[in-house]
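Colleague: Everything below, folded, please.
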Amino acid sequence: MTELLRSNDIVLISYVRALLSAENIAVIGLDEHASVMDGNVSAVQRRLMVDDRDVERARRLLTDAGLGQNLRR
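Modeller: The predicted model follows:
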């Protein structure tokens with residue numbers, strides 16, 4: 001698994017999940033419960049992970065959607 005992006009923006013997370021799902025790219029969310037538990041501090045960011053075989057396609061999809069600045073390097 002490769003980390004695709006990390007954010008506390010739940011709208012961004014939801015949008016990225018929808019984009020990936022539409023292209024049949026499986027995504028796993030990590031740290032979602034920890035992020036909720038920290039309240040408004042935002043110390044723990046949510047991470048979206050994709051299979052190593054799908055990472056280039058996912059990166060290209062998000063870049064084409066104008067979200068390239070949010071990708072993890």
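Colleague: By mean pLDDT, flag the weakest helix or strand of this protein.
Modeller: The least trusted helix or strand in the chain, going by mean pLDDT, DSSP states H and E, turns out to be helix 32-37, with a mean of 62.
Colleague: which residues of the protein score low on pLDDT?
Modeller: Low-confidence segments of the chain (pLDDT under 70): 34-42.
Colleague: Centre-most residue in it?
Modeller: The centre of the chain sits closest to L48, judged by Cα atoms, centre = their mean, with a distance of 3.4 Å.
Colleague: Using just helix, strand and coil, how would you label the nearest residue to it once chain neighbours are set aside?
Modeller: Nearest non-adjacent residue to L48, counting by Cβ to Cβ, 6 or more residues apart in numbering: L4, 4.8 Å away. Where you see a C-beta, it was placed from the backbone N, CA and C, and this is true even at glycine. Here L4 is recorded as strand under DSSP: H, G, I helix; E, B strand; the rest coil.
Colleague: Distance of L4 relative to N24?
Modeller: 15 Å (Cβ to Cβ, to the nearest Å).
Colleague: neighbour count winner among these two?
Modeller: Higher neighbour count among L4 and N24: L4, with 23 against 8, using other Cβ atoms under 10 Å.
Colleague: chain center to stretch 9-16: distance?
Modeller: Mean C-alpha position of stretch 9-16 versus that of the full chain (Cα atoms, centre = their mean, to the nearest Å) differs by 8 Å.
Colleague: Tell me the buried residues in it?
Modeller: Residues of stretch 9-16 classed as buried: 13, 16 (neighbour count, 16 or more other Cβ atoms under 10 Å).
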